[in-house]
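**Student:** sequence and predicted structure, then a few things I'm wondering about:
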Amino acid sequence: MTAATDGHIPHPYVGGRSAALRALTAWRTGAPGAPRVLVLTGNSGSGCSRLLTGFLMLCDPEFRNRLPLRELDPSTVPPELPAPVVPAPTGRTASQVLWLIADHHELRAASAADVFSELASLDQPTTIVVPDVDRAGPVRATGEPARVVREVLAPLAATETVRLLTDVPRPLAHELAAGLPADAVRVIDLDEPEWADPESLAVHMDAALDPRLGAPDLPFTADPEVRRALAAAIGRRAGTSRLVVQLAARSLLMAPDRAAPTSDHQLPASVGEALDLHALRVDGDPQVLRLILTPLALAEGQGLPADLWGPLTTAVAGQDMTGTMAGAAALASPFLHPVDSEDGRTLLRLRHPAVGDEIRAGLPSVRTTQARIAAALLEAVPDQDWSKADPYVRDYVAGHAYEAGLLPQLLTDPGLFVYADPVPLRAAVEAVPRDALGAPAHTYLRIASLLTRTQAPPPLRAALLETAFVEDGLPEYAAAVHRLGLDLPWRTLWSLPLTGMSAVTIGTLPGVGGGAPTPVAAFAVPEGTAGAHPVGDGSALVVHGLVQPVDLAGASPEQILRLSEEERLAAPLMLSRGADYVRVWDRNDEALVAELVSETPYIGSDLSPDSVLLVATERGARALRITAAGSGDSLMARVPDPSEGAPA
C-alpha cells in the first residue's frame, strides 16, 4: 500500500478515509464532544460497509493484532477495549436483530419494550454496532431496512446506556438522526467533501492494478507511471464511489488482451456506465449484459443457484437464451460473486447491491419481470410436489411472487406452507395487505411465529398447520396436509371455539342400558355460557364427546366419571405441560412422542388412556389423536430442557 503523506500508512483494508476513521475512533473512545450515536451513510457503493468492516477490525481484540498498528495514524486507532456487540442484519428481520441484542446481553425480556427497558437499566453503557442495514430482511422487496431503523435503531439510539454506530441508507439516516438531540448524534455522509477522500480512490485503484499485489503483468499495470496515471483518471471519473473504481479495475483485468482506455470517456463515472463500458470492451451488447444479470438483480437469499441462472434468463427474455448464456462468463464476470452453499452448490449473486439497483431501475416493469420468474420457478417444481423442489424455489418463490403481485394466489397450497423456510415465507406473507389474503394464509400467519420460533422441521410444521386449520374451520386444508405423505404425530379430531375456560378434564358417561361408556371432554366455564350445565357455585360445565359427536342432551355433570389414577398409570403415554407447550411421552422409555406448542398460553390439558390429547387455550379447546410411535427427536427442531425431564 502506498504510504500516506503524513508518514503513516493507510488502513490496509480501508485504504484511506482517515477523517472518517478519526470520527469513529473518537466515538469509540468517548472523546469529549463525540456523540453517543454515529450514523454512517452515503450513496450505495460509496464504501460505508468497507469502512465499518475496517473499523471493526480495529475494535476486535484478536484481529487488531494482525494489523500494523504502529504504522497507522494513532488518531485512527481506538484503544484496546472489549469487542462491541455486532448484530448483523443481513437477511434478518427487525425482530431477529433485536433478539440477537437481547441474547447477547442475556436479558430476561418477554417483549421488545422489555428489551429496551432492560438495556436502559444496565449498570454500564453498552456499545452496539449495526452494519449493512440496507441488506436487512429475508425478502428483498418487503422494506425490512426501514423497520430495522424504526423498530430497533431508533429506540436503541434513544436509550442513554447505548452507544450506537450504524450504517444505513441516506433517507433513513436522516430520519434516525432527526429524533435525537443535536449533540447526541452525528451523521457521516461519505459522499460529502468532508469525508469523501477522493485521493484514496486513486491509491485504491493503483493497488488493484499493481502486479506486486496480484494483478496480471500487463502494459498498463507493469509500468508504475502508466498505472498511476490510469488509476488517477479512474479515481477522478468515479467521484466518491469506491464501487465504480472496483468495477473499473475488474473490467480492465478481466479483459487483459485489450488496450488500456485512452480517454476519460472510456472510464465509468457510475455503476451504469461500468456495466455499459465493460460490455463494449469485450465486444458485447450492454442490453444483453443487463438482461442476463436481471435474474441475479431480483434474486433472494444468499444468491441464485448457478443452474437456475440460464432458465430464469430465458424466462425474463421470453426467448431461448441458451446460446447467449454459454458465452456469458466474460461478459458478466466483473459483476458476479460466486459463493458455495451449504449443500455444496454454487450460488451466484451480484458483487454489490448497487449493481442490482441499477439493473432494476432499467427494467420496463419489475412486476412483469418478477411474474415471469415466479412462473418459471413454479414450473420447476417436479410434479408440483414441494418436497422435491429445489431449495431456492421452495424457499424464495414467495418473494418473487410477492413483488409480482401474485402471492395471494399462491397461498392456498398447504405443501408450500409445510416445505418452505418459514422465515422468508412469513416475511413475504406479512407484507401482503391482510384483506388480500385468503383464509389459509390467515391461518398460516396466525401460527407463523411458532414455526419460526421453534425452527420447526417439515413434519412438525405440517402437524401444527393441520391442527390450526381444524381450529380455524378449514377441515379440507387439514385433510390436504395429511395427503402430503408425512408421518404426523397426531390427527386433530375436533376444535371447539370456547372461551372463559378455567379447567379441562377427560371422563366417561355411563352407557345407556348397560352399553359401553362414552368418553367425553368436560370444560369448566362461567355460568351462563351457552350449552353449559350449571353446577351451583357460579360455574358450569360444557360436555363434549371426546372422539366423536354424541347426543348429550340427557347427560348431567354428576354422571361424569373421572379417570382414576390406576387408569392413568396403565396408559402407554403420559403428559407434561409448560406455559406454551404440552408434551406427550412414552411411559416405557420416557421418549418424547409429540410436542404441541401454542401461540397462546395453555389453560389445561388431559390425556385419555387410548391416546387422545385434550388441550385448551384462550382461543378454545381441541382434541388430538396421538399417532406418533417413535421418539420426538425426529419431529422436533429443539429438544426439551433436561431440567424439565419427563413427568414422574
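**Tutor:** Thanks, I have it.
**Student:** CA atoms for contacts and neighbours, from now on please.
**Tutor:** OK.
**Student:** need the residues that contact stretch 166-178.
**Tutor:** 38-44, 48-49, 52, 129-134, 146, 149-150, 153-154, 185-187, 189 (CA atoms under 8 Å, 6 or more residues apart in numbering).
**Student:** return the subset of the residues you listed lying in strands.
**Tutor:** 38, 39, 40, 41, 129, 130, 185, 186, 187, 189 (DSSP state E).
**Student:** from the residues you listed, keep the buried residues only.
**Tutor:** Listed as buried from the ones in strands among the contacts of stretch 166-178 are 38, 39, 40, 41, 129, 130, 185, 186, 187, 189; burial here means 16 or more other CA atoms under 10 Å.
**Student:** spatially nearest residue to the fourth one, not counting backbone neighbours?
**Tutor:** Spelled out, that is residue 41. Nearest residue to residue 41, sequence neighbours excluded (CA to CA, 6 or more residues apart in numbering): residue 189, at 4.8 Å.
**Student:** what's the closest of the buried ones among the ones in strands among the contacts of stretch 166-178 to residue 206?
**Tutor:** Proximity of these to residue 206 (CA to CA) peaks at residue 189, which lies at 24.6 Å.
**Student:** residue 38 versus the closest one, what's the distance?
**Tutor:** 11 Å (CA to CA, to the nearest Å).
**Student:** next: residue 334.
**Tutor:** Per CA to CA, residue 334 is found 33 Å from residue 38.
**Student:** which ones are touching residue 30?
**Tutor:** Here residue 30 is in contact with residue 36 (CA under 8 Å, 6+ apart).
**Student:** need phi/psi at the residue nearest to residue 607 when sequence neighbours are not counted.
**Tutor:** Distance criterion CA to CA, 6+ apart; nearest residue to residue 607, sequence neighbours excluded, is residue 613 at 4.6 Å. Main-chain dihedrals, residue 613, degrees, to the nearest 10: phi -90, psi 130.
**Student:** now do residue 613: how many residues are near it, please.
**Tutor:** Applying other CA atoms under 10 Å, we find 26 residues neighbouring residue 613.
**Student:** next one: it from residue 504, what distance?
**Tutor:** Look at residue 613 and residue 504: by CA to CA, they are 11 Å apart.
**Student:** hey, what's in contact with both of the two?
**Tutor:** 605, 606.
**Student:** which residues touch the spatially closest residue to residue 89 that is not a sequence neighbour?
**Tutor:** Nearest non-adjacent residue to residue 89, counting by CA to CA, 6+ apart: residue 136, 4.8 Å away. By CA under 8 Å, 6+ apart, the contact list for residue 136 reads 89, 90, 91, 92, 93, 94, 144, 145, 148.
**Student:** where does the prediction get shaky in the stretch 1-150 of the chain?
**Tutor:** 1-6 (pLDDT under 70).
**Student:** which residues of it fall in strands?
**Tutor:** Ranges of strands within the stretch 1-150 of the chain are 37-41, 126-130, based on DSSP state E, counting those that start in this stretch.
**Student:** so what strands line up beside the first one?
**Tutor:** It stands for strand 37-41. strand 162-167 (parallel), strand 185-189 (parallel) (DSSP bridges).
**Student:** JSON lines for those strands, including distance to residue 326 and mean pLDDT?
**Tutor:** Shown next, in JSON lines, are the strands paired with strand 37-41 (distance: least, CA to CA, whole Å; pLDDT from 0 to 100):
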{"stretch": "strand 162-167", "distance to residue 326": "39", "mean pLDDT": "98"}
{"stretch": "strand 185-189", "distance to residue 326": "42", "mean pLDDT": "97"}
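**Student:** any idea which strand is longest in the protein?
**Tutor:** Max-length strand for the chain by DSSP E is strand 518-526.
**Student:** tell me the first helix or strand C-terminal of it.
**Tutor:** strand 533-534 (DSSP states H and E).
**Student:** residues contacting that next one, please?
**Tutor:** 527, 528, 540, 541, 542, 556, 557.
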